[in-house]
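this one's structure only:
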């Protein structure tokens, strides 16, 4: 009955949409999911061969369009009903402008087979189809209530790299007998493996999981749990793919090991005189049969100590006192009465509990150093420590935090959060007492007491920025974490990407000194608007002095002021002579609401640069008249000749002169 009413509703809506769209339709090529997704060598190039094209594709809807964490958008996974589960038969549909309901995409249901019309796009490696909303091209529903196909059986090894996993992007899959390796990775992910030896990840792309993680009412099953997992494959980063279950029903639990949580040590900053008490809460659906504390001093073999009951679900054991400077690692093993077991931390090759024995105050390096473990969280998170350093940036530069540095060496910088002493200035040497936190991947010390939390020891000190290479401290670079919150300098730079977050724009651009791209961000107050609008492709910069920072999954530079960027030369200034006509692709593309168009003129003459919509109507004239030879750049603000903001959709821009005409396509999104 529900389906019948829904079908009637859709019929009425489609009639209205068809009436409103009469005379505004365009003919586009119909292609298969395979045509869009297939690439011959995904290890070196995964971009769709149809990138930027407007196409029509037939696909089956696999879930509702409002179930994914995509902000103010609609999106869903689809499969090719004629070829699934063959490779390259999964796909992703998205609608950016959800104020336009006449696409009908907001009403699709699982099991519908439809024709979708949109622009082939890439988002951080994920190939997707962005539906057309200006003018609206509604989806065409071919049939409803089709049974969903069974998921494709894969192993974790099938999702371990671009070379093998790209063919399964956006596919509906099933992984059996996988075990949780670490249930507490960043961004609400958990690593899993199976007998194939591969490693992939569970992720919370569906709102069922995301909202529960945000409300702190859910966590992935404990390390060691055996599962069968169903979900959709998502490409999230270079060589990283995740499996995204729709809800908890897509996780079939095969074993229930103990759960270890609330692991603490007392004292948090041990001295040579302190035995250290380790406590943990350990629960199980049956009985905890054993709990073992494992500790190692200075990389010696681990010593096992049986933990004793310290109350309901509470266990404790002691690590004996150690000499000055000792590095102590430890983890907890728990097993229940049916032989299921787990550890905390879950993956001791990725992270481990640790501390350094110090009589006096810790160095910043003691707090920041990772000792070779991939996890970059401080071993002192949650504990109070006292640190010294010189202020290299203050709250006149960045909102809400200072940065202090103890030495001009890697690992010796840290972010400081202090709301009690806003008058701190660059050059002040301070002694800070506070709690160590990890906030969005950045280690910081937070002052908790206005009277005892901070002392100014001296003023007028200087810290010289450390010379580094861009590839050395970029995301994935060998020293990226080591220079977190350090004062650095990079030199002889070329702007390689003015808008690395296209179709979004978050005020960042990338530079390269020849060793690898590095992002630059506009976090400082001194940069009004988006910093990346000031730096174009191939511009030269002599040097940037900045604090090394981490946010939204990337390491980057945050210059304190405009004066930290030296010797900026534009590519237009360098290209004074051109030998041919050229109309370059606009950037960013897609864009919202402004974009830049560059062109090169071989000789002086009369030229026009006009923008047209998909129906061939002129929207805006940007250039009309005598133009000199050479390179030029112009910005379109997304408005028509009447000054009205245009709607989201596809536009064309044409440069025309004597014996020359060239047209390119661009996409405006909301």
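Noted; the coordinates are in hand. Keep in mind that what you see is a predicted model, and the values were worked out from it rather than measured.

Helices of the stretch 201-350 of the chain, residue ranges please.
Using DSSP state H, counting those that start in this stretch, the helices of the stretch 201-350 of the chain run over 207-214.

Over to the stretch 551-670 of the chain?
With DSSP H, counting those that start in this stretch as the criterion, the stretch 551-670 of the chain has helices spanning 571-574.

where's the residue positioned nearest the centre of the chain relative to residue 95, distance?
Geometric centre of the chain, nearest residue: residue 553, 4.5 Å, by C-alpha atoms, centre = their mean. Applying C-beta to C-beta, to the nearest Å, the value for residue 553 to residue 95 is 25 Å. Any C-beta I mention is one placed from the backbone N, CA and C, and that applies to glycine too.

do the same with residue 345
Residue 345 sits at a distance of 41 Å from residue 95 (criterion: C-beta to C-beta).

Kindly report the same for residue 158.
From residue 158 across to residue 95, the span is 30 Å (C-beta to C-beta).

In the chain, what helix or strand scores lowest on average pLDDT?
helix 2-21 (a mean of 45; mean pLDDT, DSSP states H and E).

I'd like the average pLDDT over the helix or strand following that one.
Downstream of helix 2-21, the first helix or strand assigned by DSSP states H and E is strand 29-31. Strand 29-31 shows a mean pLDDT of 93.

Tell me the buried residues in strand 29-31?
By 16 or more other C-beta atoms under 10 Å, strand 29-31 has no buried positions at all.

which residues does the nearest residue to residue 647 once chain neighbours are set aside contact?
Nearest non-adjacent residue to residue 647, counting by C-beta to C-beta, 6 or more residues apart in numbering: residue 134, 4.0 Å away. Residue 134 makes contacts with 97, 100, 613, 646-650, 668, as judged by C-beta atoms under 8 Å, 6 or more residues apart in numbering.

If we use 6 Å, what do you get?
Residue 134 sits next to 647-649 when contact means C-beta atoms under 6 Å, 6 or more residues apart in numbering.

between the residues you listed, which is nearest residue 106?
residue 648 (15.8 Å; C-beta to C-beta).

Poorly predicted segments of the protein, please.
Within the chain, the stretches with pLDDT under 70 are 1-27, 502-505, 528-533, 571-579, 670.

which SS state does the spatially closest residue to residue 559 that is not a sequence neighbour fall under?
With C-beta to C-beta, 6+ apart as the criterion, residue 559 has its nearest non-adjacent residue at 4.4 Å, and that residue is residue 546. What DSSP: H, G, I helix; E, B strand; the rest coil gives for residue 546 is strand.

Could you tell me how many residues sit around residue 546?
Neighbourhood size, residue 546 [other C-beta atoms under 10 Å]: 25.

so what's it bridging to?
For residue 546, the beta-bridge partners under DSSP bridges are residue 488.

for the one 5 residues further on, same thing?
Beta-bridge partners of residue 551, counted by DSSP bridges, are residue 554.

Could you chop this structure up by domain?
2-143, 152-253, 259-356, 364-458, 466-573, 582-668 (automatic domain parsing).

chain center to the shortest one: distance?
If you compare the mean C-alpha spot of domain 582-668 with that of the full chain, they lie 32 Å apart, counting by C-alpha atoms, centre = their mean, to the nearest Å.

Ok, the fourth one next?
Mean C-alpha position of domain 364-458 versus that of the full chain (C-alpha atoms, centre = their mean) differs by 25 Å.

tell me how far the ends of that domain are from each other?
18 Å (C-alpha to C-alpha, to the nearest Å).

i'd like the first residue to be 59 from this point on
Sure thing, new numbering starts at 59, so read that last one as domain 422-516.

now stretch 613-632, how far from the chain's geometric center?
On C-alpha atoms, centre = their mean, the centre of stretch 613-632 falls 24 Å from that of its chain.

Which positions within it qualify as buried?
Under 16+ other C-beta under 10 Å, the buried positions of stretch 613-632 are 613-618, 622-623, 626, 628-630.

do the same with stretch 652-671
Buried residues in stretch 652-671, defined by neighbour count with 16+ other C-beta under 10 Å: 653-659, 665-671.

Rebuild the buried residues of stretch 613-632 as TSV, extending it with distance to residue 220.
Below are those laid out as TSV (distance: C-beta to C-beta, whole Å):
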residue	distance to residue 220
613	22
614	24
615	28
616	30
617	33
618	37
622	36
623	35
626	35
628	35
629	31
630	36
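
Which of those fall in strands?
Mapping the buried residues of stretch 613-632 onto strands (DSSP state E) picks out 613-616, 623, 626.

Now that we have the residues you listed, can you turn them into JSON lines and tack on distance to residue 722?
Putting these into JSON lines (distance: C-beta to C-beta, whole Å) gives the following:
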{"residue": "613", "distance to residue 722": "33"}
{"residue": "614", "distance to residue 722": "30"}
{"residue": "615", "distance to residue 722": "32"}
{"residue": "616", "distance to residue 722": "34"}
{"residue": "623", "distance to residue 722": "30"}
{"residue": "626", "distance to residue 722": "27"}
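
ok, which pair from those residues is furthest apart?
Across those, the two members that end up farthest from each other (C-beta to C-beta) are 613 and 626, 22.0 Å apart.

so which of the buried residues of stretch 652-671 comes closest to residue 515?
Distances from residue 515 to the buried residues of stretch 652-671, taken by C-beta to C-beta, are shortest for residue 654, at 48.4 Å.

Tell me which residues touch that closest one, please.
Applying C-beta under 6 Å, 6+ apart, the residues contacting residue 654 are 645, 693.

try 8 Å
By C-beta under 8 Å, 6+ apart, the neighbours of residue 654 are 556, 591, 594, 644-645, 691-694.

ok, now residue 698?
677-678, 704.

Relative to residue 252, how far out is it?
As for residue 698, its distance to residue 252 is 56 Å (criterion: C-beta to C-beta).

all strands of the stretch 109-258 of the chain, in order?
For the stretch 109-258 of the chain, the strands defined by DSSP state E, counting those that start in this stretch cover 112-119, 132-137, 148-153, 171-181, 184-189, 198-201, 210-212, 230-240, 248-251, 257-260.

Could you name the helices and strands sitting against the fifth one?
Based on contacts counted as 3 or more C-beta pairs under 8 Å, 6 or more residues apart in numbering; DSSP states H and E, the elements that strand 184-189 packs against are helix 91-95, strand 148-153, strand 171-181, strand 284-295.

looking at the ones you listed, which is buried most?
Ranked by mean neighbour count, the helices and strands packed on strand 184-189 are led by strand 148-153 with a mean of 24 (mean count of other C-beta atoms under 10 Å).

Distance from the chain centre to it, please.
Relative to its chain's centre, strand 148-153 lies at 19 Å (C-alpha atoms, centre = their mean).

How about stretch 314-331?
Counting by C-alpha atoms, centre = their mean, stretch 314-331 is centred 31 Å from the centre of its parent chain.

can you pull the buried residues of it?
The neighbour-count check on stretch 314-331 (16+ other C-beta under 10 Å) flags 314-318, 321, 323, 326-328 as buried.

Which residue comes closest to residue 491 once chain neighbours are left out?
Counting by C-beta to C-beta, 6+ apart, the residue nearest residue 491 is residue 444, at 4.5 Å.

actually residue 708, not the one I wrote
In space, and not counting its chain neighbours, residue 708 is closest to residue 672: 5.1 Å by C-beta to C-beta, 6+ apart.

In contact with the one you found, which residues are there?
84, 193, 707-710.
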